[in-house]
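K.L.:
From the sequence below, what's the structure:
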Amino acid sequence: MRYQPQQQSHHFLTAAGALLVLGFAFIGYNYLSTKRVSATEDPLVSSEGDTASSSPFDAAQLDLLARMEAIKLDGSILADPNFLNLQDWTVDLGHLDAGRINPFIPYDGMKSAQSAPAPKAPAKPKKH
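P.N.:
A predicted model of the protein is given here:
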């Protein structure tokens, strides 16, 4: 099948338009995905003691860390004679059954459902 000149120019214009749209999409994506950050906004560049630019969330975290550093744990209770004299009153319950075979069946029908044979697969239809 031979293309007529009008069809060839139509295909060329369609291909050129598609490439143009893809080009603009690529340029737009690259422009929007790269964030331009100045040196004053760069999170990697900071000076010591610069708390004015910190967000309230950062201040809350620093406050929490300061309060946590103030907590002192005393391990001397583990060596206390009263602690050492404590007894373990754990009772061994022995072997217990895990539960019913099928926990979703009603309690009334538990024995009949567990003792009933499994349902049979449906018979295959006969070909005529």
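K.L.:
can you count the residues close to Ser76?
P.N.:
Using other Cβ atoms under 10 Å, Ser76 is surrounded by 8 other residues. Backbone N, C-alpha and C define where each C-beta goes, glycine included.
K.L.:
phi, psi of it?
P.N.:
Note on Ser76: its backbone torsions stand at phi -70, psi -20 [degrees, to the nearest 10].
K.L.:
Against Asn82, how distant is it?
P.N.:
Here the criterion is Cβ to Cβ, to the nearest Å. By it, Ser76 lies 12 Å from Asn82.
K.L.:
in the chain, what spans have low per-residue confidence?
P.N.:
The model of the chain has pLDDT under 70 over residues 1-7, 35-57, 109-128.
K.L.:
And the helices in it, which stretches?
P.N.:
5-33, 56-69, 81-84, 110-115 (DSSP state H).
K.L.:
Nearest approach to Pro103 belongs to which of these?
P.N.:
Taking Cβ to Cβ, helix 110-115 is the member of the helices of the chain nearest to Pro103, at 9.6 Å.
K.L.:
Is there a neighbour count for Ile105? I'd like the number.
P.N.:
Residues near Ile105, counting by other Cβ under 10 Å: 14.
K.L.:
Show me what stretch 66-81 is in contact with.
P.N.:
The contact list for stretch 66-81 (Cβ atoms under 8 Å, 6 or more residues apart in numbering) reads Phe83.
K.L.:
ok so, going back, between the helices of the chain, which one is nearest to Leu96?
P.N.:
helix 110-115 (17.8 Å).
K.L.:
Next, count neighbours for Ala25.
P.N.:
Ala25: 10 neighbours (other Cβ under 10 Å).
K.L.:
same thing with the one 4 residues further on?
P.N.:
By other Cβ under 10 Å, 10 other residues sit near Tyr29.
K.L.:
one step back: in CSV, list the helices of the chain along with distance to Asp97.
P.N.:
What follows is the helices of the chain, written out as CSV (distance: least, Cβ to Cβ, whole Å):
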stretch, distance to Asp97
helix 5-33, 61
helix 56-69, 46
helix 81-84, 38
helix 110-115, 13
